[in-house]
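>>> Fold the following and give me the result.
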Amino acid sequence: VSGRWPLPGLARTGFGIGILVLLAIFWQPTIVPLDELGTTPVFNALLWGYGGPALAFWACVWKLRQWRGPTSNIRHRLAFEGLAIFTSLATGAVILHHATNQGSFYSTPDTLMEWSLQALLALSAAIGLQRLGKSYTSPFISRCVLGLGFIGFFLLGLLNLVFLNPLFTNEFIGNRVFFNLLLSAYFFPALLTGLLATRLSFGKTDLYRRTAGILSILLAFCWMTFEIRHAFHSGHIGMFLSWSSPELYSYSAAWLGFGIALLIYGVWRKSLHLRMASAAFVLLAIAKAFLFDMSSLEGIWRALSFIGLGIVLICIGLFYQRVLARQNDAPENQDPD
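Residues are numbered from 1 along each chain as shown. Sure thing, here's the model as predicted:
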């Protein structure tokens, strides 16, 4: 109404009503009485109780953007953008919490599955808002993109890699080889953080890009390592479970392959940081070979471990020789004009 008849205080009244909606949700977070909420995931009272206001607030943002009013209109639009983003994130968060806890709304969020999905929600929202911000050119959305990105980085680094790491907690991750908890906890976060560090890093700070890049590499490394452990110990991958010679050899081969892949990608992208990360994983494989494989592997597995390590190191040395020779020849072959 204020877009057609700009009455004094009408937009601020609309924002006040939005605040009342948030207070009503805070008063009864389940929207309906708890015994009426049920256990059906997604399609329950939470969807319309949280999602309905979110759609209404986004509609207000769209209408206020169309109206070319005074400077106060910009402040009103930014206020409704805050309401829309907050309620949208709250919708996703409560639906994920309800679905991952079998309908128990007030249960403690302490599983890797839930926190992984919450981190994916934050990163996905950051990507979505970044695409939206290109057309809206809103400073508030730009700050939300950075904030959501760092929240996702914090959750992944602190929980997925440390406190809720299945290697430490021995949490059940599923029996399927690929479609298991590791997919949402490490593989998809590695892809999203990789995108935020490369293709979606325009206009971001160096801290943002480097944090996303480091997390992407660590999550990909954990996913690869945990998948190998899952192949030998289906369902549980706790660090205190037994280790076999084929399993230990598989780690060495995978870590060397991961380091070579990072080296090739770093040379292609001309990134010194990626080449340094590649060297770190190759050194990790070398240290493992001398500290663990020499004493733990038996028979053919020990021989294969050191033979493979030697071949890979020779190939890396030859690869670097060709790269350095090509870099030295480049200035000589350039046209002086």
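>>> Please, where are all the helices along the protein?
With DSSP state H as the criterion, the chain has helices at 10-27, 34-37, 45-66, 71-100, 112-136, 139-155, 166-169, 181-182, 188-197, 206-232, 245-269, 272-288, 294-296, 300-333.
>>> Compute the mean per-residue pLDDT across stretch 147-158, please.
What stretch 147-158 shows for mean pLDDT is 96.
>>> Give me the contacts around it.
89, 115-116, 118-120, 122-123, 125-126, 129, 189, 192-193, 196, 204, 208, 211-212, 215, 219 (Cβ atoms under 8 Å, 6 or more residues apart in numbering). Where C-beta positions appear, they are placed from N, C-alpha and C, glycine not excepted.
>>> Of all the residues in that stretch, which ones are buried?
Neighbour counts using 16 or more other Cβ atoms under 10 Å place Leu148, Gly149, Phe150, Ile151, Gly152, Phe153, Leu155, Leu156, Gly157 of stretch 147-158 among the buried residues.
>>> Could you double-check that Leu96 lies in contact with Leu121?
Yes: Leu96 is within contact range of Leu121, at 6.5 Å (criterion: Cβ atoms under 8 Å).
>>> Dump the helices of the chain to a markdown table, plus distance to Gly238.
Formatted as a markdown table, the helices of the chain follow (distance: least, Cβ to Cβ, whole Å):
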| stretch | distance to Gly238 |
| --- | --- |
| helix 10-27 | 40 |
| helix 34-37 | 35 |
| helix 45-66 | 34 |
| helix 71-100 | 21 |
| helix 112-136 | 13 |
| helix 139-155 | 22 |
| helix 166-169 | 7 |
| helix 181-182 | 14 |
| helix 188-197 | 21 |
| helix 206-232 | 9 |
| helix 245-269 | 14 |
| helix 272-288 | 19 |
| helix 294-296 | 18 |
| helix 300-333 | 23 |
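>>> what sits against the nearest residue to Trp255 once chain neighbours are set aside?
Distances taken as Cβ to Cβ, 6 or more residues apart in numbering place Ala285 nearest to Trp255, at 4.2 Å, with adjacent residues excluded. Shown in contact with Ala285 (Cβ under 8 Å, 6+ apart): Ser252, Trp255, Leu256, Gly259, Leu309.
>>> separation between Ala261 and Ile214?
Counting by Cβ to Cβ, to the nearest Å, the separation of Ala261 from Ile214 is 16 Å.
>>> One more: Ala84?
In this view, Ala84 and Ile214 are 32 Å apart by Cβ to Cβ.
>>> more crowded one of those two?
Ala84 (22 against 16; other Cβ atoms under 10 Å).
>>> residues contacting that one?
Ala84 neighbours (Cβ under 8 Å, 6+ apart): Ala54, Phe57, Trp58, Cys60, Val61.
>>> Now Asn1: closest residue in space, sequence neighbours ignored.
That one is not Asn; residue 1 is Val. Nearest residue to Val1, sequence neighbours excluded (Cβ to Cβ, 6+ apart): Leu10, at 6.3 Å.
>>> now this protein, which segments are flagged as low pLDDT?
Residues of the chain meeting the criterion pLDDT under 70: 3, 68-72, 297-299, 320, 323-337.
>>> how does it look with 50?
Counting by pLDDT under 50, the chain shows low-confidence ranges at 332-337.
>>> where's the closest residue to Trp301 other than its chain neighbours relative to Leu256, distance?
Leaving aside its chain neighbours, Trp301 sits nearest to Ser245 (4.2 Å; criterion: Cβ to Cβ, 6+ apart). Distance, Ser245 to Leu256, by Cβ to Cβ: 17 Å.
>>> Kindly report the same for Thr205.
From Thr205 over to Leu256 the distance is 33 Å, taken as Cβ to Cβ.
>>> who's more crowded, those two?
Of the pair Thr205 and Leu256, Leu256 is the one with more neighbours under other Cβ under 10 Å, namely 25 against 10.
>>> how about the more buried one, what does it touch?
So Leu256 contacts Phe281, Val282, Ala285, Gly308, Leu309, Val312 (Cβ under 8 Å, 6+ apart).
>>> try 10 Å this time
Contact analysis of Leu256 by Cβ atoms under 10 Å, 6 or more residues apart in numbering lists 281-282, 284-286, 288-289, 305, 308-309, 311-313, 315-316.
>>> Perfect, that will be all.
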